[in-house]
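> Pasting a predicted model and its sequence here:
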Amino acid sequence: MPNEFISKNELTQERTPSELRSWVIEKTGEMGSTQQGRRVLRLQNGLAKQLMEEVLPLAIFGKHKYGDTDQVLLQPVIGNQPYDAVVTDRTTDPPTESFIEITLSHEGRDNYLRRCQLLEKGYVFPYAPVIKTRAKGKIGQAFSIPPEANSVEERVENERKRILAAARRKEGKDYRPNTSLVIFFDDARSFQEVIDNERIDSFVTSNILNLDLRFSTLYLVGWDVFREYSLVKRV
């Protein structure tokens, strides 16, 4: 059973940013220490999907935004609601609440197929094309990921397209007041070598800030990159 490795209660526990970051590192390390745990983690079965697609990005966001303060609490929320986390700020009296909606810049099913190869072979080429040789649903899906190189510029352009697609998935949707959007993306070293903060800001201003995003703030978050844009005029 996938959820034997993680419970909803521990996944949704309220933690400080540093506590959440430490818990995610500990939990993924614990799961990755066994063959079955690695399978659940890499295929994102059960609650591992929320762990990797919502709680991990939330922990990285918390690290960037709040550092090691103990005056902010982050609580992931699992279920059918228009936000993925609640932020409680105890620096005010009374404490204030805000909300986080998280979305990923990803390749869709190709991302899953890369993780399948990583599980099967122990390695995967993260930027090589995924070539499908049998249609989905035809007794599994045959595919290959050849060790083909592409240029850094092409990788960066692909990532920008995925970031824009992630933003467009949220366009025109209503969210409760004081909700921010976090777009979590792959800021690999090659991305950072080509795109500095000024170029990221220019891309966001030209392509994303003109979308109908009904949030108070937009955050573009990577492992190292952290950019914040006010959308308050739209709320």
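Thanks, I have it. Numbering: from 1, shown residues only.

> Look at L218 and give its secondary structure.
Following DSSP: H, G, I helix; E, B strand; the rest coil, the label given to L218 is strand.

> I'd assumed N210 was in contact with it.
No: with contact defined as Cβ atoms under 8 Å, L218 does not reach N210; the gap is 11.9 Å. For the C-beta atoms, the positions are set from N, CA and C on the backbone; glycine is no exception.

> Pick out whichever of the two has more residues nearby.
L218 (22 against 8; other Cβ atoms under 10 Å).

> Give me the distance between the more buried one and T12.
Separation of L218 from T12 (Cβ to Cβ, to the nearest Å): 25 Å.

> Which stretches in this structure count as strands?
72-76, 85-89, 96-104, 131-132, 143-144, 179-184, 217-221, 226-230 (DSSP state E).

> now those in TSV, with mean pLDDT and distance to K49?
Compiled in TSV, the strands of the chain are given as follows (pLDDT from 0 to 100; distance: least, Cβ to Cβ, whole Å):
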stretch	mean pLDDT	distance to K49
strand 72-76	98	12
strand 85-89	98	15
strand 96-104	96	11
strand 131-132	68	22
strand 143-144	66	21
strand 179-184	98	14
strand 217-221	97	19
strand 226-230	97	24
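
> Pass me the low-pLDDT residue ranges in this structure, would you?
Residues of the chain that meet the criterion pLDDT under 70 lie in 1-2, 107-110, 112-114, 117-119, 122-141, 143-146, 148-149, 233-235.

> what's the helix of greatest length in it packed up against?
Counting by DSSP state H, the longest helix found in the chain is helix 152-168. Judged by 3 or more Cβ pairs under 8 Å, 6 or more residues apart in numbering; DSSP states H and E, the packing partners of helix 152-168 are strand 96-104, strand 179-184, helix 189-194, helix 197-207.

> mind redoing it with 6 Å?
helix 189-194 (3 or more Cβ pairs under 6 Å, 6 or more residues apart in numbering; DSSP states H and E).

> ok, back up a step: quick check: which of the strands of the chain is nearest to M52?
strand 96-104 (9.3 Å; Cβ to Cβ).

> Distance from the chain centre to stretch 32-48, please.
On the basis of Cα atoms, centre = their mean, to the nearest Å, stretch 32-48 sits 17 Å off its chain's mean C-alpha point.
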